[in-house]
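Participant: Predicted model and sequence below, questions to follow.
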Amino acid sequence: MPQDPMVVTDATVMMLLTDGRFPSGGHAYSAGIEQAVTWGDVNDLRTAEAFASGRASTAAIMAAQVVAVAHGIGTEGRPMSSVRRELDRLDEETDARTASGAAREISRQQGRRWLRAAQGTWPDRLSGQEAGSDAAFGLLGRNGWVVIGAASALLGLSGEDAARVALYELVGTPVWAAVRLLGLDPMKAAAVVARLVTGFELDVRRAAREAQRISGSVGTGGTPSDLSWISWSTAPLSDLASEAHLRREERLFAS
Amino acid sequence: LHRDVVVDGDMTVGITGGGPPTGTGRRAYRVGIGGPVGSGKTALVAALCAELGAEFSLGVVTNDIYTTEDADTLRRLGVLAPERIKAVRTGCCPHTAIRDDIGANLEAVEELDELVGSEGIVLVESGGDNLTATFSYGLIDRQIFVLDVAGGDKVARKGGPGVTRSDLLVVNKVDLAPLVGASVELMLTDSAAVRDGRPVIATAVRSGDGVKTVAEWVVAMRHADRPSPDH
(Lines give C-alpha, C1' and ligand atoms only; values in the text may rest on other atoms or scores of the structure.)
Protein backbone atom coordinates (compact mmCIF):
# COMPACT_ATOMS: atom_id res chain seq x y z
CA MET A 1 0.00 0.00 0.00
CA PRO A 2 1.45 3.40 -0.93
CA GLN A 3 2.52 5.50 2.01
CA ASP A 4 1.62 9.11 2.51
CA PRO A 5 4.79 10.86 1.35
CA MET A 6 4.36 13.53 4.02
CA VAL A 7 4.65 11.04 6.85
CA VAL A 8 8.12 11.39 8.32
CA THR A 9 9.23 8.32 10.18
CA ASP A 10 11.57 8.30 13.13
CA ALA A 11 14.17 6.52 11.06
CA THR A 12 14.13 9.22 8.38
CA VAL A 13 14.56 11.94 10.97
CA MET A 14 17.44 10.08 12.58
CA MET A 15 19.11 9.38 9.28
CA LEU A 16 18.92 13.01 8.25
CA LEU A 17 20.01 14.44 11.60
CA THR A 18 23.13 12.26 11.63
CA ASP A 19 23.89 12.48 7.91
CA GLY A 20 27.16 14.31 7.39
CA ARG A 21 25.54 16.09 4.45
CA PHE A 22 22.65 17.43 6.52
CA PRO A 23 23.29 21.19 6.42
CA SER A 24 23.65 21.76 10.13
CA GLY A 25 27.27 22.89 9.98
CA GLY A 26 28.78 19.72 11.45
CA HIS A 27 31.56 19.55 8.87
CA ALA A 28 33.21 22.66 10.32
CA TYR A 29 33.54 21.37 13.92
CA SER A 30 36.23 19.16 15.43
CA ALA A 31 35.11 19.10 19.08
CA GLY A 32 38.60 20.09 20.18
CA ILE A 33 40.45 17.34 18.33
CA GLU A 34 42.19 19.87 16.07
CA GLN A 35 43.77 21.33 19.21
CA ALA A 36 44.58 17.86 20.56
CA VAL A 37 46.34 17.14 17.26
CA THR A 38 48.32 20.36 17.63
CA TRP A 39 49.31 19.39 21.16
CA GLY A 40 50.39 15.99 19.90
CA ASP A 41 47.91 14.12 22.09
CA VAL A 42 46.13 12.81 19.02
CA ASN A 43 48.30 11.68 16.13
CA ASP A 44 46.76 8.51 14.72
CA LEU A 45 43.56 6.49 14.63
CA ARG A 46 44.20 4.88 18.00
CA THR A 47 44.58 8.20 19.81
CA ALA A 48 41.65 9.70 17.89
CA GLU A 49 39.55 6.78 19.12
CA ALA A 50 40.74 7.37 22.67
CA PHE A 51 39.76 11.03 22.40
CA ALA A 52 36.29 10.18 21.10
CA SER A 53 35.89 7.36 23.58
CA GLY A 54 36.56 9.78 26.42
CA ARG A 55 33.65 11.88 25.22
CA ALA A 56 31.36 8.91 24.72
CA SER A 57 31.93 7.61 28.24
CA THR A 58 31.50 10.97 29.97
CA ALA A 59 29.98 13.92 28.12
CA ALA A 60 27.60 11.65 26.23
CA ILE A 61 25.91 10.62 29.47
CA MET A 62 25.32 14.24 30.43
CA ALA A 63 24.23 15.07 26.88
CA ALA A 64 21.82 12.14 26.84
CA GLN A 65 20.14 13.36 30.00
CA VAL A 66 19.92 16.95 28.84
CA VAL A 67 18.50 15.78 25.52
CA ALA A 68 15.97 13.52 27.24
CA VAL A 69 14.78 16.27 29.58
CA ALA A 70 14.54 18.75 26.70
CA HIS A 71 12.62 16.12 24.78
CA GLY A 72 10.10 15.91 27.59
CA ILE A 73 9.79 19.69 27.73
CA GLY A 74 9.40 19.97 23.98
CA THR A 75 6.59 17.48 23.75
CA GLU A 76 3.62 19.08 22.06
CA GLY A 77 0.55 20.25 23.88
CA ARG A 78 2.27 21.76 26.89
CA PRO A 79 1.62 25.36 27.95
CA MET A 80 4.13 27.67 26.26
CA SER A 81 4.95 29.74 29.33
CA SER A 82 6.05 26.73 31.34
CA VAL A 83 7.96 25.34 28.36
CA ARG A 84 10.07 28.48 28.11
CA ARG A 85 10.70 28.60 31.85
CA GLU A 86 11.73 24.95 31.95
CA LEU A 87 14.01 25.37 28.95
CA ASP A 88 15.64 28.32 30.70
CA ARG A 89 16.36 26.11 33.70
CA LEU A 90 17.69 23.27 31.60
CA ASP A 91 19.87 25.66 29.61
CA GLU A 92 21.39 26.99 32.84
CA GLU A 93 22.04 23.48 34.09
CA THR A 94 23.72 22.59 30.78
CA ASP A 95 25.92 25.69 31.01
CA ALA A 96 26.88 24.73 34.54
CA ARG A 97 28.08 21.38 33.23
CA THR A 98 30.12 22.89 30.40
CA ALA A 99 33.29 24.12 32.06
CA SER A 100 34.77 25.83 29.02
CA GLY A 101 33.31 29.17 27.98
CA ALA A 102 34.46 28.39 24.45
CA ALA A 103 32.56 25.10 24.52
CA ARG A 104 29.42 26.89 25.75
CA GLU A 105 29.70 29.36 22.91
CA ILE A 106 30.21 26.56 20.38
CA SER A 107 27.27 24.64 21.82
CA ARG A 108 24.93 27.59 21.29
CA GLN A 109 26.29 28.14 17.81
CA GLN A 110 25.64 24.49 16.96
CA GLY A 111 22.19 24.76 18.47
CA ARG A 112 21.41 27.66 16.14
CA ARG A 113 22.66 25.71 13.13
CA TRP A 114 20.77 22.55 14.00
CA LEU A 115 17.62 24.57 14.53
CA ARG A 116 17.99 26.34 11.20
CA ALA A 117 18.57 23.10 9.32
CA ALA A 118 15.69 21.32 11.05
CA GLN A 119 13.30 24.23 10.47
CA GLY A 120 14.28 24.38 6.83
CA THR A 121 13.73 20.64 6.49
CA TRP A 122 10.50 20.26 8.49
CA PRO A 123 8.90 23.71 8.64
CA ASP A 124 5.47 22.23 9.30
CA ARG A 125 6.71 20.16 12.22
CA LEU A 126 8.51 23.02 13.87
CA SER A 127 5.41 25.16 14.14
CA GLY A 128 5.82 26.79 10.76
CA GLN A 129 8.58 28.88 12.21
CA GLU A 130 10.99 30.66 9.95
CA ALA A 131 14.44 29.23 9.46
CA GLY A 132 17.16 30.98 11.36
CA SER A 133 14.90 32.88 13.71
CA ASP A 134 13.28 32.14 17.01
CA ALA A 135 10.87 29.28 17.42
CA ALA A 136 7.71 29.25 19.47
CA PHE A 137 9.57 27.25 22.07
CA GLY A 138 12.29 29.81 22.40
CA LEU A 139 14.91 27.37 21.14
CA LEU A 140 17.09 29.93 19.39
CA GLY A 141 20.21 30.66 21.41
CA ARG A 142 19.93 27.50 23.52
CA ASN A 143 22.62 24.91 24.05
CA GLY A 144 22.90 22.39 21.23
CA TRP A 145 21.68 19.42 23.27
CA VAL A 146 18.64 21.38 24.45
CA VAL A 147 17.78 22.17 20.83
CA ILE A 148 18.32 18.57 19.70
CA GLY A 149 16.11 17.23 22.48
CA ALA A 150 13.21 19.64 22.16
CA ALA A 151 13.24 19.65 18.36
CA SER A 152 13.43 15.85 18.26
CA ALA A 153 10.23 15.64 20.27
CA LEU A 154 8.48 17.78 17.68
CA LEU A 155 9.97 15.68 14.89
CA GLY A 156 8.57 12.45 16.29
CA LEU A 157 11.78 10.94 17.63
CA SER A 158 11.74 9.20 20.99
CA GLY A 159 13.84 10.66 23.80
CA GLU A 160 16.17 7.67 23.63
CA ASP A 161 16.68 8.05 19.91
CA ALA A 162 17.37 11.75 20.35
CA ALA A 163 20.05 10.79 22.87
CA ARG A 164 21.51 8.38 20.32
CA VAL A 165 21.74 11.27 17.85
CA ALA A 166 23.72 13.18 20.48
CA LEU A 167 26.04 10.21 21.01
CA TYR A 168 26.65 9.94 17.29
CA GLU A 169 27.50 13.66 17.12
CA LEU A 170 29.81 13.45 20.13
CA VAL A 171 31.75 10.56 18.63
CA GLY A 172 31.53 11.37 14.93
CA THR A 173 32.54 15.03 15.11
CA PRO A 174 36.11 14.47 16.38
CA VAL A 175 36.71 11.23 14.47
CA TRP A 176 35.67 12.62 11.08
CA ALA A 177 37.63 15.81 11.74
CA ALA A 178 40.69 13.65 12.53
CA VAL A 179 40.32 11.97 9.13
CA ARG A 180 40.80 15.35 7.47
CA LEU A 181 43.51 16.57 9.85
CA LEU A 182 45.67 13.45 9.90
CA GLY A 183 44.81 11.80 6.59
CA LEU A 184 43.44 8.73 8.41
CA ASP A 185 41.95 5.82 6.52
CA PRO A 186 38.24 6.75 6.36
CA MET A 187 37.10 3.11 6.37
CA LYS A 188 38.95 2.46 9.58
CA ALA A 189 37.61 5.71 10.99
CA ALA A 190 34.07 4.57 10.14
CA ALA A 191 34.77 1.35 12.01
CA VAL A 192 35.83 3.40 15.04
CA VAL A 193 32.63 5.44 14.92
CA ALA A 194 30.55 2.28 14.60
CA ARG A 195 32.38 0.60 17.45
CA LEU A 196 32.09 3.53 19.83
CA VAL A 197 28.47 4.37 19.07
CA THR A 198 27.46 0.74 19.42
CA GLY A 199 29.61 0.29 22.51
CA PHE A 200 28.15 3.24 24.39
CA GLU A 201 24.62 3.08 23.09
CA LEU A 202 23.24 1.07 25.98
CA ASP A 203 24.75 3.43 28.55
CA VAL A 204 23.36 6.43 26.72
CA ARG A 205 19.90 4.93 26.37
CA ARG A 206 19.86 3.98 30.01
CA ALA A 207 20.88 7.52 31.00
CA ALA A 208 18.15 8.97 28.80
CA ARG A 209 15.50 6.63 30.21
CA GLU A 210 16.56 7.47 33.73
CA ALA A 211 16.30 11.18 32.93
CA GLN A 212 12.83 10.72 31.48
CA ARG A 213 11.73 8.78 34.54
CA ILE A 214 13.02 11.33 37.03
CA SER A 215 11.84 14.41 35.15
CA GLY A 216 8.49 12.71 34.60
CA SER A 217 8.03 12.17 38.32
CA VAL A 218 9.58 15.28 39.88
CA GLY A 219 9.07 17.72 37.01
CA THR A 220 11.55 20.07 35.43
CA GLY A 221 10.28 23.57 36.21
CA GLY A 222 10.53 25.73 39.26
CA THR A 223 13.97 25.90 40.76
CA PRO A 224 17.34 24.86 39.33
CA SER A 225 17.67 22.24 42.03
CA ASP A 226 14.91 20.31 40.26
CA LEU A 227 17.51 19.35 37.67
CA SER A 228 20.55 18.96 39.87
CA TRP A 229 20.42 15.19 39.39
CA ILE A 230 21.49 15.48 35.72
CA SER A 231 24.89 13.85 35.28
CA TRP A 232 27.89 16.10 35.84
CA SER A 233 30.26 13.91 33.92
CA THR A 234 32.16 15.83 31.24
CA ALA A 235 35.24 15.39 29.05
CA PRO A 236 37.93 17.71 30.50
CA LEU A 237 40.41 17.21 27.65
CA SER A 238 37.77 18.24 25.14
CA ASP A 239 36.92 21.27 27.28
CA LEU A 240 40.57 22.32 27.63
CA ALA A 241 41.15 21.81 23.93
CA SER A 242 38.08 23.88 23.01
CA GLU A 243 39.29 26.67 25.24
CA ALA A 244 42.77 26.77 23.72
CA HIS A 245 41.42 26.31 20.21
CA LEU A 246 39.12 29.30 20.23
CA ARG A 247 42.02 31.61 21.11
CA ARG A 248 44.15 30.39 18.22
CA GLU A 249 44.69 32.49 15.15
CA GLU A 250 45.37 29.65 12.72
CA ARG A 251 42.75 26.95 12.77
CA LEU A 252 40.75 25.02 10.23
CA PHE A 253 37.71 24.12 12.30
CA ALA A 254 35.21 26.21 14.20
CA SER A 255 35.84 24.13 17.35
CA LEU B 1 10.24 27.97 -5.34
CA HIS B 2 9.70 30.87 -2.99
CA ARG B 3 12.51 32.32 -1.01
CA ASP B 4 10.12 34.55 0.85
CA VAL B 5 7.04 33.47 2.70
CA VAL B 6 4.62 35.39 4.83
CA VAL B 7 4.05 34.28 8.39
CA ASP B 8 1.18 35.67 10.45
CA GLY B 9 0.40 38.14 7.70
CA ASP B 10 2.91 40.75 8.68
CA MET B 11 6.31 39.15 8.86
CA THR B 12 8.36 38.44 5.78
CA VAL B 13 10.99 35.85 6.44
CA GLY B 14 13.72 34.09 4.53
CA ILE B 15 13.65 30.35 4.00
CA THR B 16 17.02 28.69 3.56
CA GLY B 17 16.01 26.83 0.45
CA GLY B 18 17.45 26.88 -3.03
CA GLY B 19 15.67 28.33 -6.02
CA PRO B 20 16.24 31.14 -8.42
CA PRO B 21 17.55 34.40 -7.11
CA THR B 22 14.74 36.68 -6.05
CA GLY B 23 16.45 39.03 -3.65
CA THR B 24 13.24 40.67 -2.56
CA GLY B 25 13.53 39.94 1.15
CA ARG B 26 14.20 42.54 3.79
CA ARG B 27 17.88 41.86 3.69
CA ALA B 28 20.92 43.12 1.87
CA TYR B 29 21.54 41.97 -1.69
CA ARG B 30 24.11 39.17 -1.67
CA VAL B 31 26.84 38.56 -4.22
CA GLY B 32 29.15 35.53 -3.97
CA ILE B 33 32.73 35.78 -5.22
CA GLY B 34 34.49 32.46 -5.81
CA GLY B 35 37.46 31.12 -7.71
CA PRO B 36 40.80 29.35 -7.36
CA VAL B 37 43.50 30.32 -4.85
CA GLY B 38 45.35 33.47 -5.84
CA SER B 39 43.04 34.48 -8.68
CA GLY B 40 42.34 37.85 -7.08
CA LYS B 41 39.10 37.39 -5.15
CA THR B 42 40.17 39.47 -2.16
CA ALA B 43 41.59 42.18 -4.42
CA LEU B 44 38.31 42.26 -6.35
CA VAL B 45 36.30 42.47 -3.12
CA ALA B 46 38.44 45.39 -1.96
CA ALA B 47 38.14 47.11 -5.33
CA LEU B 48 34.36 46.61 -5.41
CA CYS B 49 34.05 48.03 -1.91
CA ALA B 50 35.93 51.13 -3.03
CA GLU B 51 33.87 51.39 -6.21
CA LEU B 52 30.45 50.79 -4.63
CA GLY B 53 31.08 52.30 -1.21
CA ALA B 54 29.87 55.79 -2.06
CA GLU B 55 26.49 54.59 -3.33
CA PHE B 56 25.77 51.53 -1.16
CA SER B 57 26.01 50.39 2.42
CA LEU B 58 28.34 47.35 2.23
CA GLY B 59 29.40 44.28 4.16
CA VAL B 60 31.81 41.42 3.45
CA VAL B 61 31.95 37.80 4.61
CA THR B 62 35.21 35.93 4.05
CA ASN B 63 35.63 32.14 4.13
CA ASP B 64 39.29 31.75 4.88
CA ILE B 65 40.64 28.26 4.96
CA TYR B 66 43.11 28.47 7.76
CA THR B 67 43.43 31.99 9.09
CA THR B 68 41.54 35.24 9.02
CA GLU B 69 44.02 36.46 6.43
CA ASP B 70 41.48 37.70 3.90
CA ALA B 71 39.37 39.45 6.50
CA ASP B 72 42.53 40.97 7.99
CA THR B 73 43.69 42.15 4.57
CA LEU B 74 40.36 43.85 3.94
CA ARG B 75 40.39 45.46 7.37
CA ARG B 76 43.95 46.66 6.82
CA LEU B 77 43.07 48.11 3.45
CA GLY B 78 40.40 50.06 5.26
CA VAL B 79 37.83 49.50 2.54
CA LEU B 80 35.13 49.00 5.18
CA ALA B 81 34.68 49.54 8.88
CA PRO B 82 36.07 46.45 10.68
CA GLU B 83 32.67 45.42 12.03
CA ARG B 84 31.35 45.13 8.48
CA ILE B 85 33.82 42.34 7.69
CA LYS B 86 33.13 38.86 9.07
CA ALA B 87 35.21 35.70 8.76
CA VAL B 88 33.71 32.20 8.71
CA ARG B 89 35.68 29.04 9.58
CA THR B 90 35.24 26.30 7.05
CA GLY B 91 36.68 23.13 8.61
CA CYS B 92 38.99 22.18 5.71
CA CYS B 93 36.15 22.40 3.20
CA PRO B 94 35.57 25.93 1.87
CA HIS B 95 33.27 24.69 -0.87
CA THR B 96 31.03 22.88 1.62
CA ALA B 97 30.51 26.11 3.55
CA ILE B 98 29.27 28.00 0.49
CA ARG B 99 27.39 25.24 -1.27
CA ASP B 100 26.23 22.19 0.72
CA ASP B 101 26.09 23.44 4.27
CA ILE B 102 25.58 27.17 4.24
CA GLY B 103 24.37 27.70 7.82
CA ALA B 104 27.52 29.39 9.11
CA ASN B 105 27.58 31.77 6.16
CA LEU B 106 23.87 32.50 6.51
CA GLU B 107 24.46 33.44 10.12
CA ALA B 108 27.26 35.77 9.09
CA VAL B 109 25.27 37.51 6.34
CA GLU B 110 22.23 37.82 8.57
CA GLU B 111 24.33 39.45 11.27
CA LEU B 112 25.63 41.88 8.66
CA ASP B 113 22.09 42.57 7.46
CA GLU B 114 21.40 44.47 10.66
CA LEU B 115 24.39 46.69 10.04
CA VAL B 116 24.22 46.96 6.27
CA GLY B 117 20.47 47.33 5.92
CA SER B 118 18.13 45.95 3.30
CA GLU B 119 19.24 48.45 0.66
CA GLY B 120 22.89 47.48 1.01
CA ILE B 121 25.06 44.83 -0.59
CA VAL B 122 26.92 41.99 1.12
CA LEU B 123 29.82 40.39 -0.74
CA VAL B 124 30.52 36.77 0.26
CA GLU B 125 34.06 35.74 -0.66
CA SER B 126 34.70 32.00 -0.81
CA GLY B 127 37.92 30.42 0.33
CA GLY B 128 40.25 29.74 -2.60
CA ASP B 129 39.10 26.46 -4.06
CA ASN B 130 38.89 24.53 -7.27
CA LEU B 131 36.90 24.88 -10.46
CA THR B 132 33.91 22.93 -9.14
CA ALA B 133 33.21 25.29 -6.25
CA THR B 134 30.04 27.31 -6.67
CA PHE B 135 27.70 29.05 -4.28
CA SER B 136 24.28 27.80 -3.26
CA TYR B 137 21.52 30.22 -4.27
CA GLY B 138 20.17 29.64 -0.77
CA LEU B 139 23.04 31.86 0.33
CA ILE B 140 23.56 34.45 -2.40
CA ASP B 141 21.56 36.19 -5.13
CA ARG B 142 24.26 36.22 -7.82
CA GLN B 143 27.76 34.85 -8.09
CA ILE B 144 30.99 35.92 -9.69
CA PHE B 145 33.72 33.41 -10.49
CA VAL B 146 37.27 34.79 -10.75
CA LEU B 147 39.97 33.15 -12.90
CA ASP B 148 43.37 34.62 -13.64
CA VAL B 149 45.49 34.30 -16.74
CA ALA B 150 48.57 33.46 -14.64
CA GLY B 151 46.86 30.21 -13.66
CA GLY B 152 47.16 29.15 -17.30
CA ASP B 153 44.97 29.94 -20.29
CA LYS B 154 43.67 26.36 -20.44
CA VAL B 155 41.68 26.82 -17.22
CA ALA B 156 38.66 28.33 -18.94
CA ARG B 157 38.58 25.44 -21.42
CA LYS B 158 38.67 22.94 -18.53
CA GLY B 159 35.36 24.38 -17.45
CA GLY B 160 33.62 23.20 -14.32
CA PRO B 161 30.54 24.72 -12.69
CA GLY B 162 32.35 27.89 -11.62
CA VAL B 163 33.33 28.68 -15.19
CA THR B 164 30.16 27.50 -16.90
CA ARG B 165 27.41 28.42 -14.45
CA SER B 166 28.51 31.52 -12.55
CA ASP B 167 26.43 34.62 -13.26
CA LEU B 168 29.58 36.54 -14.15
CA LEU B 169 33.00 35.20 -15.04
CA VAL B 170 35.92 37.53 -14.38
CA VAL B 171 39.24 36.80 -16.12
CA ASN B 172 41.74 38.68 -13.97
CA LYS B 173 45.39 39.70 -14.27
CA VAL B 174 45.14 40.18 -18.03
CA ASP B 175 48.13 42.55 -17.72
CA LEU B 176 50.26 39.52 -16.85
CA ALA B 177 49.35 37.55 -19.97
CA PRO B 178 52.49 38.42 -21.97
CA LEU B 179 54.69 37.55 -18.99
CA VAL B 180 53.27 34.05 -18.51
CA GLY B 181 52.69 33.25 -22.16
CA ALA B 182 48.92 33.11 -21.83
CA SER B 183 46.35 34.21 -24.37
CA VAL B 184 43.58 36.38 -22.94
CA GLU B 185 41.77 36.09 -26.24
CA LEU B 186 41.75 32.31 -26.00
CA MET B 187 40.45 32.38 -22.42
CA LEU B 188 37.63 34.75 -23.32
CA THR B 189 36.67 32.69 -26.38
CA ASP B 190 36.83 29.39 -24.49
CA SER B 191 34.74 30.66 -21.62
CA ALA B 192 32.17 32.33 -23.86
CA ALA B 193 31.78 28.99 -25.64
CA VAL B 194 30.67 27.18 -22.48
CA ARG B 195 28.68 29.95 -20.77
CA ASP B 196 25.53 30.04 -22.81
CA GLY B 197 25.58 33.79 -23.20
CA ARG B 198 26.40 34.65 -19.60
CA PRO B 199 28.85 37.56 -19.35
CA VAL B 200 32.64 37.48 -19.10
CA ILE B 201 34.69 40.52 -18.08
CA ALA B 202 38.46 40.86 -18.42
CA THR B 203 40.14 42.73 -15.56
CA ALA B 204 43.47 43.74 -14.14
CA VAL B 205 42.21 44.46 -10.64
CA ARG B 206 45.48 45.75 -9.22
CA SER B 207 45.66 48.52 -11.77
CA GLY B 208 41.89 49.01 -11.63
CA ASP B 209 41.15 47.93 -15.20
CA GLY B 210 37.67 46.50 -15.58
CA VAL B 211 36.67 46.96 -11.94
CA LYS B 212 34.14 49.63 -12.84
CA THR B 213 32.51 47.26 -15.34
CA VAL B 214 32.20 44.55 -12.68
CA ALA B 215 30.72 47.05 -10.23
CA GLU B 216 28.21 48.17 -12.86
CA TRP B 217 27.23 44.55 -13.42
CA VAL B 218 26.62 44.10 -9.66
CA VAL B 219 24.41 47.20 -9.57
CA ALA B 220 22.54 46.15 -12.71
CA MET B 221 21.85 42.69 -11.27
CA ARG B 222 20.65 44.20 -8.02
CA HIS B 223 18.23 46.44 -9.86
CA ALA B 224 17.08 43.59 -12.09
CA ASP B 225 16.52 41.21 -9.16
CA ARG B 226 14.87 43.88 -7.04
CA PRO B 227 12.54 45.80 -9.32
CA SER B 228 11.04 47.61 -6.35
CA PRO B 229 13.90 49.11 -4.35
CA ASP B 230 11.64 49.83 -1.39
CA HIS B 231 11.40 46.17 -0.44
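Facilitator: Now that the structure is in, tell me what you want to look at. Residues are numbered from 1 along each chain as shown, chains lettered A, B, ... in the order given.
Participant: Which positions within the helix or strand containing A:A118 qualify as buried?
Facilitator: Element membership of A:A118, judged by DSSP states H and E, is helix A:101-121. By neighbour count on 16 or more other C-beta atoms under 10 Å in any protein chain shown, the buried set for helix A:101-121 is A:102-104, A:106-121. C-betas here are computed from N, CA, C, even on glycine.
Participant: check contacts around B:V109.
Facilitator: B:R27, B:A28, B:R30, B:G59, B:V61, B:V122, B:V124, B:L139 (C-beta atoms under 8 Å, 6 or more residues apart in numbering or on different chains).
Participant: Let's have these in CSV, adding neighbour count.
Facilitator: Compiled in CSV, the contacts of B:V109 are given as follows (neighbours: other C-beta atoms under 10 Å in any protein chain shown):
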residue, neighbour count
B:R27, 21
B:A28, 27
B:R30, 27
B:G59, 28
B:V61, 30
B:V122, 26
B:V124, 29
B:L139, 22
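Participant: Take these and write them to CSV, including secondary structure, pLDDT and distance to chain A.
Facilitator: Converted to CSV, the contacts of B:V109 look like this (DSSP: H, G, I helix; E, B strand; the rest coil; pLDDT from 0 to 100; distance: C-beta to the nearest C-beta, whole Å):
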residue, secondary structure, pLDDT, distance to chain A
B:R27, coil, 94, 11
B:A28, coil, 97, 15
B:R30, strand, 98, 14
B:G59, strand, 97, 17
B:V61, strand, 95, 14
B:V122, strand, 98, 15
B:V124, strand, 97, 16
B:L139, coil, 95, 11
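Participant: B:F145: which of the residues you listed is nearest?
Facilitator: B:V124 (12.9 Å; C-beta to C-beta).
Participant: wait, that closest one sits on B:L139?
Facilitator: Yes - taking C-beta atoms under 8 Å as the definition, B:V124 is a contact partner of B:L139 at 6.6 Å.
Participant: Look up the residues that both of those two are in contact with.
Facilitator: B:R30, B:G32, B:I98, B:N105, B:V109.
Participant: what about the helices in the chain?
Facilitator: Because you didn't say which chain, this covers chain A. In chain A, the helices defined using DSSP state H lie at A:10-18, A:33-39, A:45-57, A:59-74, A:80-96, A:101-121, A:144-154, A:159-182, A:186-218, A:236-246.
Participant: um, chain B though
Facilitator: B:41-52, B:69-77, B:94-95, B:103-116, B:155-158, B:161-165, B:177-180, B:184-194, B:211-225.
Participant: out of those helices, deepest packed?
Facilitator: helix B:41-52 (a mean of 23; mean count of other C-beta atoms under 10 Å in any protein chain shown).
Participant: on contacts alone, who are the packing partners of that one?
Facilitator: strand B:29-34, strand B:58-62, helix B:69-77, strand B:121-125, strand B:142-148, strand B:168-172, helix B:211-225 (3 or more C-beta pairs under 8 Å, 6 or more residues apart in numbering or on different chains; DSSP states H and E).
Participant: and A:A178, how many residues sit next to it?
Facilitator: 28 (other C-beta atoms under 10 Å in any protein chain shown).
Participant: That one touches A:A48, doesn't it?
Facilitator: Yes - in terms of C-beta under 8 Å, A:A178 counts as a neighbour of A:A48; the distance is 3.9 Å.
Participant: shared neighbours, those two?
Facilitator: Contacts common to A:A178 and A:A48, judged by C-beta under 8 Å, 6+ apart, are A:I33, A:V42, A:L184, A:A189.
Participant: What is the neighbour count of the second one?
Facilitator: Same thing as A:V42. 27.
Participant: And it, what's its pLDDT?
Facilitator: A:V42 carries a pLDDT value of 96.
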